[in-house]
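# Quick one: sequence plus predicted model below, questions after.
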2 protein chains.
Amino acid sequence: MVAQVIDGKAFAANVRGQVGAHVAKLKEEQGITPGLAVVLVGEDPASQVYVRSKGKMTVEVGMNSYEHKLDVDTAEDVLLALIDKLNNDPAVHGILVQLPLPKHLNEDLVINSIDPAKDVDGFHISNVGLLGTGQKSMVPCTPLGCLMMLRDHHGSLSGLNAVVVGRSNIVGKPMAQLLLGDSCTVTIAHSRTKDLPDVVRAADIVVAAVGRPEMLPGDWIKEGATVIDVGINRIDAPEKGEGKTRLVGDVHYESAAAVAGAITPVPGGVGPMTIACLLANTLTACCRANGLAEPEGLTA
Amino acid sequence: MVAQVIDGKAFAANVRGQVGAHVAKLKEEQGITPGLAVVLVGEDPASQVYVRSKGKMTVEVGMNSYEHKLDVDTAEDVLLALIDKLNNDPAVHGILVQLPLPKHLNEDLVINSIDPAKDVDGFHISNVGLLGTGQKSMVPCTPLGCLMMLRDHHGSLSGLNAVVVGRSNIVGKPMAQLLLGDSCTVTIAHSRTKDLPDVVRAADIVVAAVGRPEMLPGDWIKEGATVIDVGINRIDAPEKGEGKTRLVGDVHYESAAAVAGAITPVPGGVGPMTIACLLANTLTACCRANGLAEPEGLTA
């Protein structure tokens, strides 16, 4: 079997296209423009790249983008006051505080000060609790993107055996909740799991989110399984020249693609979906805030 | 193999004894008496029995018990005003609203109006979110009781393969979170699971919480596995005489006990642990409210 490649770049472009169409309709019919506020504290280079990219795509789908860049030494009460202002600003439908925060700031406190209805990252404990009890919530972007791709590929996920490798709060755990919500039998595996190869071999759906380069080889994958690779790891690539690097996932792509039924590549798989889902969440939050019907297919 | 019977009645008595000893110490050293408020709306006979039993055991461990019995027609704002009063009453460390509520009351709204720090049932979405992200929370009583028995039997649960059958918000899902927190590999199975017998057969730990009498037969159980039976189902027992009934679990006890390493009976297994853990949670909440060290071994 040679796996179908799930093209996350094209999929994400399609999601952004749907978001853009809804935004245009919202503006025309309701006179409402969704707005996303992104707060960046400090000058972490990777975070700066993400924030720039988010801002660019927010504008591209027709939303308003509000960027707040604060000094690395910003006091906690100053940051909390800004979040309070954004919570109360009717033009802001989504608020994202770029993580990680400088060490002097309490990340949990900051995230939980965001109005849950505007928490487009889905990290507020109220949203975790809503998702964990099968209620309407803001869903973390990366697992939401994985869910969208799985639904698109499989139609119904009901009864499929899904194995999530990794138990982080931002990917593994919410991913498990989403798959359970779609009636998969869900196994959460992690570093303490015994016989991990056999656990993964039983899966119809494998979601790898461990952050270890090429940890899952093809001979762990059941023939025909769907493999979603959340990992983005930079490794040395001497074959490209001295000092060169390349990106790989948590799955060994070549060997896994030889047995899987479908697989997401790295890069170009899950990665592009994260920002697309952030925009989808902002649109969803805007519709809810205005008592309008939510766009279909853009949330869990 | 003949399974060791896990005596929940004795275990619960031991937990209540530990709680009682801590309460005595709290009174003597700090002059603090933990208080549990139970709110019952209406006259559902089963709920009345539970509330009476909770009140009796609360007093037995030396805590204050505050019972609030409201008319079945109580308006939502009256109930919410009572909860607000209890939230602000420093003598009340735990608040439990007996479920189910009469249909005209919004259960989610009512539960989420309880101060999460006093939510000794652990049903507030903030507590679900805290548990779901591995943070300190109030843990639902029944799964907490199961966890205590499992820890007692196994010592460390790390790396064990745990299968939770049932995905309810009050047992299955929090149980899965607790087992994951103790580093089990966790599978959540349910009515849509394919090949449920094989899924259960792979488990070192089986937690059955489906509410279907004797649904899991012994030949689904791996030799030596630990079986925790959360089900309490009343079935006809014509062998005891016409119109007689008896209680059974979700597991077929005789056949499962013949292969399991350890098993909880029904009645006398998980059941008695629920109230014991309610008292443990009230003590924990009292210690946290007063900035005192939490008693060890009484929470997750």
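Received the coordinates, thanks. Numbering: from 1, shown residues only, chains lettered A, B, ... in the order given.

# drop to CA atoms for contacts and neighbour counts, all remaining ones
Will do.

# Just give the number of residues close to the residue in the stretch 201-300 of chain A that chain B sits nearest to.
In the stretch 201-300 of chain A, the residue found nearest to chain B is A:Ala202; the distance is 10.0 Å by Cα to the nearest Cα. Counted with other Cα atoms under 10 Å in any protein chain shown, residues neighbouring A:Ala202 total 17.

# who's in contact with it?
Remark: with contacts taken as Cα atoms under 8 Å, 6 or more residues apart in numbering or on different chains, A:Ala202 is in contact with A:161, A:222.

# Just give me the neighbour total for the residue lying closest to A:Pro197 once chain neighbours are set aside.
Closest residue to A:Pro197 in three dimensions, ignoring its sequence neighbours and counting by Cα to Cα, 6 or more residues apart in numbering or on different chains: A:Trp220, at 5.1 Å. A:Trp220 sits with 19 neighbouring residues when counted by other Cα under 10 Å.

# Send me the longest helix seen in chain A as CSV with only the CA atoms.
Among the elements of type helix in chain A, defined by DSSP state H, the one spanning the most residues is helix A:8-30. What follows is the C-alpha trace of helix A:8-30 in CSV, where atoms were taken according to Å, rounded to 0.1, in the frame of the first residue of the first chain:
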residue,chain,number,x,y,z
GLY,A,8,-2.5,20.1,4.9
LYS,A,9,-1.4,23.1,3.0
ALA,A,10,-4.3,22.8,0.5
PHE,A,11,-6.7,21.8,3.3
ALA,A,12,-5.7,24.8,5.3
ALA,A,13,-6.1,27.1,2.3
ASN,A,14,-9.6,25.6,1.8
VAL,A,15,-10.5,26.3,5.5
ARG,A,16,-9.2,29.8,5.2
GLY,A,17,-11.3,30.2,2.0
GLN,A,18,-14.4,29.1,3.9
VAL,A,19,-13.6,31.5,6.7
GLY,A,20,-13.1,34.3,4.3
ALA,A,21,-16.4,33.6,2.6
HIS,A,22,-18.2,33.7,5.9
VAL,A,23,-16.5,36.9,7.0
ALA,A,24,-17.5,38.5,3.7
LYS,A,25,-21.1,37.4,4.4
LEU,A,26,-21.0,38.7,8.0
LYS,A,27,-19.8,42.1,6.8
GLU,A,28,-22.3,42.4,4.1
GLU,A,29,-25.4,41.0,5.9
GLN,A,30,-24.7,42.1,9.5
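
# how about it: buried residues?
By neighbour count with 16 or more other Cα atoms under 10 Å in any protein chain shown, helix A:8-30 contains the buried residues A:8-9, A:11-12, A:15-16, A:18-20, A:22-24, A:26.

# same question, stretch A:76-93
Quick answer for stretch A:76-93 (16+ other Cα under 10 Å): A:79-80, A:83, A:86-87, A:91-93.

# So what's the residue count around A:Leu196?
The number of residues near A:Leu196, taken as other Cα under 10 Å, comes to 16.

# domain ranges for chain A?
Following the assignment in automatic domain parsing, chain A carries domains at A:30-115, A:141-272.

# Please identify the most buried of those domains.
The densest packing among these, expressed as mean neighbour count by mean count of other Cα atoms under 10 Å in any protein chain shown, is seen in domain A:141-272 with a mean of 21.

# about what we covered before: how about the domains of chain A in a markdown table, adding distance to B:Leu196 and mean pLDDT?
Output for the domains of chain A, formatted as a markdown table (distance: least, Cα to Cα, whole Å; pLDDT from 0 to 100):
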| stretch | distance to B:Leu196 | mean pLDDT |
| --- | --- | --- |
| domain A:30-115 | 38 | 97 |
| domain A:141-272 | 9 | 97 |
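
# Dump the ones you listed into CSV; add distance to B:Met57 as well.
Conversion of the domains of chain A to CSV gives the following (distance: least, Cα to Cα, whole Å):
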stretch, distance to B:Met57
domain A:30-115, 36
domain A:141-272, 36
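
# The residue nearest the centre of chain A: what secondary structure?
The central residue of chain A, meaning the one whose C-alpha is nearest the mean C-alpha position (Cα atoms, centre = their mean), is A:Thr142 at 1.4 Å. Under DSSP: H, G, I helix; E, B strand; the rest coil, A:Thr142 falls in the helix class.

# what separates it from chain B, distance-wise?
Applying Cα to the nearest Cα, to the nearest Å, one obtains 16 Å for the distance of A:Thr142 from chain B.

# so what's that residue up against?
When contacts are counted by Cα under 8 Å, 6+ apart, A:Thr142 touches A:170-171, A:270-271, A:273-274, A:277.

# where's the closest residue to A:Ile32 other than its chain neighbours relative to chain B, distance?
Setting aside the residues directly before and after it, A:Ile32 is nearest to A:Leu26 in space (Cα to Cα, 6+ apart), at 5.6 Å. When Cα to the nearest Cα is applied, the distance between A:Leu26 and chain B equals 30 Å.

# Tell me the confidence at A:Leu26?
At A:Leu26, the predicted lDDT confidence score is 98.

# Also A:Met1?
pLDDT recorded at A:Met1 is 69.

# Tell me which residue in the stretch 1-150 of chain A sits closest to chain B.
With Cα to the nearest Cα as the measure, A:Gly129 is the residue of the stretch 1-150 of chain A nearest to chain B, at 3.9 Å.

# That residue falls within a helix, correct?
Yes. The assignment for A:Gly129 (three-state DSSP) places it in a helix.

# residues near it, how many?
23.

# Just want to check the distance between the residue of the stretch 201-300 of chain A closest to chain B and A:Leu180.
Taking Cα to Cα, to the nearest Å as the criterion, A:Ala202 is separated from A:Leu180 by 17 Å.

# Equivalent analysis for A:Asn112, please.
Noted for A:Asn112: a distance of 25 Å to A:Leu180, by Cα to Cα.

# for A:Ala257, what are its contacts?
A:Ala257 makes contacts with A:2-3, A:218, A:263, as judged by Cα under 8 Å, 6+ apart.

# List the ones among those residues that fall in helices.
Going by DSSP H, the helices hold none of the contacts of A:Ala257.

# what sits against A:Glu107?
For A:Glu107, the contact set (Cα under 8 Å, 6+ apart) comprises A:100-101.

# Please read the previous query as pertaining to A:Gly122.
Contact partners of A:Gly122, counting by Cα under 8 Å, 6+ apart, are A:116, A:128, A:137-141.
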